[in-house]
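Student: here's my sequence, what's the structure:
(2 chains)
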Amino acid sequence: MRAGDRLATKTSSPAGSNCKGATMVQQTIAYHGARAYLGGPLMFGAGLIAGLLGIGAGALKVLIHDLVMGLPPKVSTTTSNLIIGVTALAGTSVYLAAGMIDPGLAAPVILGVVFGAFMGTRLLVRLTNQAVRHIFLGVLLVLGVEMIIRGIWRIGG
Amino acid sequence: MESLVGYILLTGVLLSVALLSVSFVWRWARVGSLRFEHSIVGMNFFEFISFTLRQMASRAFRPRLFLNMGVGVLMLTPFVRVLASVVYFAFVEHNWKYTLFTAFVLSVLTYSLFLR
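Tutor: Presented below is the predicted three-dimensional model:
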């Protein structure tokens, strides 16, 4: 049991249909998806950045889920995973039409990523919410530093 | 709903991985190299898929086509998932609010796939 997790003996709540249950290894956590009216417009921004930078915007979506909509880390991760294909496809189609996708380069990347994703999702169900959050923070830090360094280097070059 | 979406995603990804693996093994057996040097130019997504399918239908089986098909199937997977969601929300759940949202996503996605 970690701080921030709300243990519930049942998955229903006063919010009725807005409440969903997320099953963990041994427990069920009740949560509310809150402030969807803010989440939507913010996701528009995340989608814009995804299209611009080719980063998939999973990191941004998880941040919005976490900070604005109050979803637990695992729910956030899985929701982001589910939607990311759709977000990426909308952007990728433009690159494909522009002849910017090299199938010979894309294929090995696909094989590697799919294998990694299968391993990652198997791992996700074994980790605690807190561990998922820590890993996510680490990844975000590395991503941020890498992008800042690349940005400065580009400006300098 | 969850199992339907899960089934679609898993099928799409596994089919794509299988096609890509076949293309690499075949390419390796044929020329001893894993490099593919072709590109996709001047086609939107649906043209790319139909072009590849037409070539396959004319029995011009080549590792390159399997590779293209693998990439195509992977890109088609989220599209089919959204399409299935619209059908499910409309005809099974009769949830018109969700049908409307999902249909909007589907229309944006379809439009983007027709861009060139």
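
Student: which bits of chain A sit near chain B?
Tutor: Applying the criterion CB under 8 Å from any CB of the partner chain, the portion of chain A that neighbours chain B consists of A:82, A:85-86, A:88-94, A:96-97, A:99, A:101-104, A:106-108, A:110-111, A:114. All C-beta spots, glycine's among them, are computed from the backbone N, C-alpha and C.

Student: which of those residues are buried, as a PyMOL select command?
Tutor: Taking 16 or more other CB atoms under 10 Å in any protein chain shown as the burial criterion, the selection of buried members of those in PyMOL is written as:
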select buried, chain A and resi 85+86+88+89+90+91+92+93+94+96+97+101+103+104+106+107+110+111+114
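
Student: what's the nearest residue to A:Ala36 if we skip its chain neighbours?
Tutor: What sits nearest to A:Ala36 in space, not counting adjacent residues and going by CB to CB, 6 or more residues apart in numbering or on different chains, is A:Met69, at 6.9 Å.

Student: residue contacts, the closest residue to chain B within chain A?
Tutor: Shortest chain A-to-chain B distance, computed as CB to the nearest CB: residue-wise this is A:Gly104, at 3.0 Å. With contact set as CB atoms under 8 Å, 6 or more residues apart in numbering or on different chains, A:Gly104 has these partners: B:Arg35, B:Phe36, B:Glu37, B:His38, B:Leu67.

Student: assumed it was part of a helix.
Tutor: Yes. According to DSSP: H, G, I helix; E, B strand; the rest coil, A:Gly104 belongs to a helix.

Student: picking that back up, go back to the contacts of A:Gly104 and keep what's next to chain A.
Tutor: For chain A, the contacts drawn from the contacts of A:Gly104 by CB under 8 Å from any CB are B:Arg35, B:Phe36, B:Glu37, B:His38, B:Leu67.

Student: now the helices for chain B?
Tutor: In order along the chain, chain B carries the following helices (DSSP state H): B:2-31, B:45-57, B:63-87, B:96-114.

Student: just chain A next, same as before
Tutor: Read by DSSP H, chain A holds these helices, from start to end of the chain: A:36-53, A:58-67, A:73-97, A:103-124, A:129-156.

Student: burial count for the residue in chain B positioned nearest to chain A?
Tutor: Nearest residue of chain B to chain A: B:Phe36, at 3.0 Å (CB to the nearest CB). Look at B:Phe36: counted by other CB atoms under 10 Å in any protein chain shown, it has 20 neighbours.

Student: give the contact list for it.
Tutor: Taking CB under 8 Å, 6+ apart as the test, what B:Phe36 contacts is A:Pro103, A:Gly104, A:Ala107, B:Ser23, B:Arg27, B:Pro63, B:Arg64, B:Leu67.
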